[in-house]
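Visitor: Sequence plus predicted model, see below.
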Amino acid sequence: MFPHRAEHVASTSNQKAVVYNLSFAPTFSASPIEHTLHAHTRTVTDINWSTHNPDILATCALDGWLWSWDLRAGFGGTGGARKPVWGASSFGSRSALGVPGGGVGFEADVVLWVC
């Protein structure tokens, strides 16, 4: 999925997702990083933007978690990183099935959430 805003680019950095704003002019004292999203404990493998809301995106990782992020939500955690607004794990209960637009894959097991 592509972001609704042309100036946004999302990337991964190990256990974090990073949203860059290309309209920010990088300088030695400022960075084009607009949001750092950190809740995963293993490598982030996928990022998807909401097709309905330009401020919502989802991340999944090798830790088996799917996290949903609202870029309008307040900051939390350490270093100004945002906290996810919703999450589902592929471990334990399968009650999270039916969550729109997500999925988690690891080893030989793939769990998908589909509307």
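Guide: Yes, it's here. Numbering: from 1, shown residues only.

Visitor: Every contact and neighbour count from this point should use C-alpha atoms.
Guide: OK.

Visitor: out of everything not next to it in sequence, what's closest to residue 53?
Guide: Distances taken as C-alpha to C-alpha, 6 or more residues apart in numbering put residue 4 closest to residue 53, at 7.9 Å, once the chain neighbours are dropped.

Visitor: Now do the strands in the protein.
Guide: Remark: strands assigned in the chain by DSSP state E are 8-13, 16-21, 33-38, 44-49, 56-61, 65-70, 86-89, 102-106, 109-113.

Visitor: Which other helices and strands does the third one contact?
Guide: Spelled out, that is strand 33-38. strand 16-21 (3 or more C-alpha pairs under 8 Å, 6 or more residues apart in numbering; DSSP states H and E).

Visitor: Provide the strand pairings for the strand it packs on, with the direction of each partner.
Guide: For strand 16-21, the paired strands and their directions (DSSP bridges) are strand 8-13 (antiparallel), strand 33-38 (antiparallel).

Visitor: List the buried residues of the last one.
Guide: The reference is to strand 33-38. By 16 or more other C-alpha atoms under 10 Å, the buried positions in strand 33-38 come out as 33, 35, 36, 37, 38.

Visitor: Stretch 49-69 too?
Guide: The neighbour-count check on stretch 49-69 (16+ other C-alpha under 10 Å) flags 49-50, 56-69 as buried.

Visitor: and which of those is nearest to residue 11?
Guide: The closest of the buried residues of stretch 49-69 to residue 11 turns out to be residue 59 (C-alpha to C-alpha; 10.4 Å).

Visitor: How about the contacts made by that closest one?
Guide: With contacts defined as C-alpha atoms under 8 Å, 6 or more residues apart in numbering, the neighbours of residue 59 are 17, 44, 45, 46, 47, 48, 66, 67, 68.
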